[in-house]
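Asks: here is my input, please return the structure:
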Amino acid sequence: MEKQLNHIYQYVDEKKDEMVALWKDMVNLESGTREKEKVDRLAERLKVEFEKAGLNCRLVDVGPQNGKTLVGVLGAERSGKPVIFSGHMDTVFSTGTFGDNPFRIEDGKAFGPGVLDMKGGIIIALYVIKALNSIKYNESPIKIVFSGDEEIGHANSTGAEVMLQEGKDGICAFNMETGLIDNALCIGRKGRMEPHVTVYGAEAHAGNDFQSGRNAIEEMAYKILDIQKVTDLESGTTVSVSKIQGGTVSNAIPAQCKIAIDVRFENMAEMERAKKRLKEICEITHVDGTSTEWEIATSMAAYETTADVIKFYNFCNEMAKKYGFGPMGSRRLGGSSDAAFITMAQTPVLCSCGVQGEWNHTAKEYALVDSLFERTKLLSTIVLSLDQFK
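Replies: Below is the predicted model:
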């Protein structure tokens with residue numbers, strides 16, 4: 001195995017310029033999550049790149065307004081369960097946010113929309129496969145599943161169902177999300193819901209016809225106080241009424257009030273508890289003559305820290321230490337990811353396996369260039385060692 005690893009490490013070192021050039025192309029090929037045509041264009045390009053590496057790929061339609069999901073398999077005829085690389089191709093940034101050709105490198109850091117979240121991770125997955133091909137690896141099938149609508153939580157799409165289906169029956173999975181700057185791997189993430197609540201009242205002149213009015217903001221105020229109390233810090237559940245709209249002018253009783261809520265939870269049981277309580281709150285009326293509607297606008301499942309996740313993390317940490325990459329820390333994070341669906345599919349998965357950096361979703365987003373190569377070597381080493389993962 002030492003000879004194979006040395007070959008892989010040399011291969012990665014020889015391909016550094018090629019990896020960065022492709023990374024640059026992928027970042028400059030912008031793919032804002034609400035720009036389906038742009039996401040699909042990137043998906044087509046990545047399909048070609050992975051097919052060059054020997055994968056049999058297909059693009060899956062998940063919704064009329066949502067970017068497609070890229071699925072590919074190498075070595076379907078091989079015995080055993082597949083190794084899965086998962087993640088997403090879309091970014092939070094609209095095309096042109098940072099001008100033309102936004103990718104750049106300064107002082108060992110790469111900048112650009114999605115450079116960290118998570119196009120660097122896709123490049124790592126591709127070159128792990130290429131590095132393994134270079135030693136004629138043929139132990140396990142290798143699968144990729146890259147979503148085109150993760151950043152909007154698969155809203156109005158079948159993206160989550162595709163991820164869940166394709167994530168089944170794997171020996172393990174690496175979710176190639178933003179790598180953490182402290183070299184830790186993510187072993188759990190909170191899920192998220194965004195409920196929207198609308199109260200309807202009756203508009204009236206606040207001076208001349210006060211009693212005819214039914215104040216939607218007043219009704220919502222009662223509800224907001226109860227909604228905030230759904231928070232349970234001991235269980236890791238937080239609820240925040242984060243946006244409110246209501247009324248037209250100060251001298252009219254408001255006929256409508258809307259709020260948007262952020263709900264974070266560590267497990268699916270807490271998601272259901274919060275959902276049930278929100279429904280109960282919305283069904284109670286405090287101001288006669290008002291009515292309430294609510295919906296879950298978007299949601300992402302929790303990536304739960306299961307026993308299998310911990311077992312796989314421990315194995316990866318041991319391999320990292322053994323071969324000079326570690327030790328790797330472990331962290332639970334508040335932001336959600338598609339690792340949730342891989343876990344629900346009963347495949348042990350680690351998240352934040354991608355290129356390392358900081359400030360994703362902001363103009364300051366950057367990735368450490370050297371981590372592109374180090375993570376490729378690390379994950380190649382782990383895959384090559386999987387015969388020891390029991």
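Asks: where exactly do the strands run in the stretch 201-350 of the chain?
Replies: Ranges of strands within the stretch 201-350 of the chain are 204-205, 238-246, 252-253, 256-265, 291-300, 330-333, 349-350, based on DSSP state E, counting those that start in this stretch.
Asks: nearest to residue 96, out of the ones you listed?
Replies: Closest to residue 96 of those, according to CB to CB: strand 291-300, at 24.7 Å. Where you see a C-beta, it was placed from the backbone N, CA and C, and this is true even at glycine.
Asks: okay, which residue is most central for this protein?
Replies: With distances taken as CA atoms, centre = their mean, residue 337 lies nearest the centre of the chain, 3.0 Å away.
Asks: from what I see, that residue and residue 177 are in contact.
Replies: Yes: under the criterion of CB atoms under 8 Å, residue 337 makes contact with residue 177 at 5.2 Å.
Asks: shared neighbours of those two, anything?
Replies: Counting by CB atoms under 8 Å, 6 or more residues apart in numbering, the contacts common to residue 337 and residue 177 are 186, 351.
Asks: for the residue nearest to residue 250 when sequence neighbours are not counted, give its distance to residue 298.
Replies: Computed as CB to CB, 6 or more residues apart in numbering, the closest residue to residue 250 that is not its neighbour in sequence is residue 206, at 7.7 Å. Distance, residue 206 to residue 298, by CB to CB, to the nearest Å: 36 Å.
Asks: same question for residue 131.
Replies: 37 Å.
Asks: these two: who's more crowded?
Replies: Between residue 131 and residue 298, counted using other CB atoms under 10 Å, the more crowded position is residue 131 (26 against 14).
Asks: against residue 139, how distant is that one?
Replies: Distance from residue 131 to residue 139, by CB to CB: 14 Å.
Asks: repeat that for residue 16.
Replies: Per CB to CB, residue 16 is found 26 Å from residue 139.
Asks: now swap in residue 381 and tell me
Replies: 14 Å.
Asks: again, but for residue 275
Replies: 43 Å.
Asks: the stretch 1-150 of the chain: helices as residue ranges?
Replies: Secondary structure of the stretch 1-150 of the chain by DSSP state H, counting those that start in this stretch: the helices cover 2-14, 16-28, 36-52, 120-134.
Asks: in the first one, what counts as buried?
Replies: Neighbour-count burial for helix 2-14, with 16 or more other CB atoms under 10 Å as criterion, is recorded at 4-5, 8-9, 11-12.
Asks: once you drop chain neighbours, what's closest to residue 39?
Replies: Closest to residue 39 by CB to CB, 6+ apart is residue 67, at 2.9 Å.
Asks: for the stretch 151-300 of the chain, which spans come out with low pLDDT?
Replies: Along the stretch 151-300 of the chain, no part satisfies pLDDT under 70.
Asks: show me where it has helices.
Replies: 159-166, 216-228, 268-283.
Asks: what about residue 239, distance to residue 265?
Replies: On the measure of CB to CB, residue 239 and residue 265 end up 9 Å apart.
Asks: pull the number of nearby residues for the closest residue to residue 50 other than its chain neighbours.
Replies: In space, and not counting its chain neighbours, residue 50 is closest to residue 72: 4.9 Å by CB to CB, 6+ apart. By other CB under 10 Å, 23 other residues sit near residue 72.
Asks: for residue 72, give me its contacts.
Replies: Residue 72 touches 47, 50-51, 55-58, 143-144, counting by CB under 8 Å, 6+ apart.
Asks: any idea what it is bridged to?
Replies: residue 57, residue 144 (DSSP bridges).
Asks: pLDDT score for it?
Replies: Here the pLDDT value assigned to residue 72 is 98.
Asks: kindly report the same for residue 326.
Replies: So residue 326 comes in at 85 (pLDDT).
Asks: isn't it right next to residue 320, touching?
Replies: Yes: counting by CB under 8 Å, residue 320 is a contact partner of residue 326 at 3.2 Å.
Asks: and the nearest residue to residue 310 once chain neighbours are set aside, how far from residue 344?
Replies: Once flanking residues are discounted, residue 310 sits nearest to residue 187: 6.7 Å by CB to CB, 6+ apart. Per CB to CB, residue 187 is found 15 Å from residue 344.
Asks: tell me which of the two has more neighbours.
Replies: Legend: neighbour count by other CB under 10 Å for residue 187 and residue 344, higher for residue 187 (24 against 20).
Asks: so who does that one touch?
Replies: Residue 187 neighbours (CB under 8 Å, 6+ apart): 305, 309-310, 313, 330-332, 350-351.
Asks: check residue 52 too.
Replies: No residues are in contact with residue 52 under the rule CB under 8 Å, 6+ apart.
Asks: can you give me the pLDDT of it?
Replies: 98.
Asks: tell me where the stretch 51-200 of the chain has strands.
Replies: Going by DSSP E, counting those that start in this stretch, the stretch 51-200 of the chain shows strands at 56-60, 67-74, 83-88, 104-106, 109-111, 142-148, 172-175, 185-189, 191-200.
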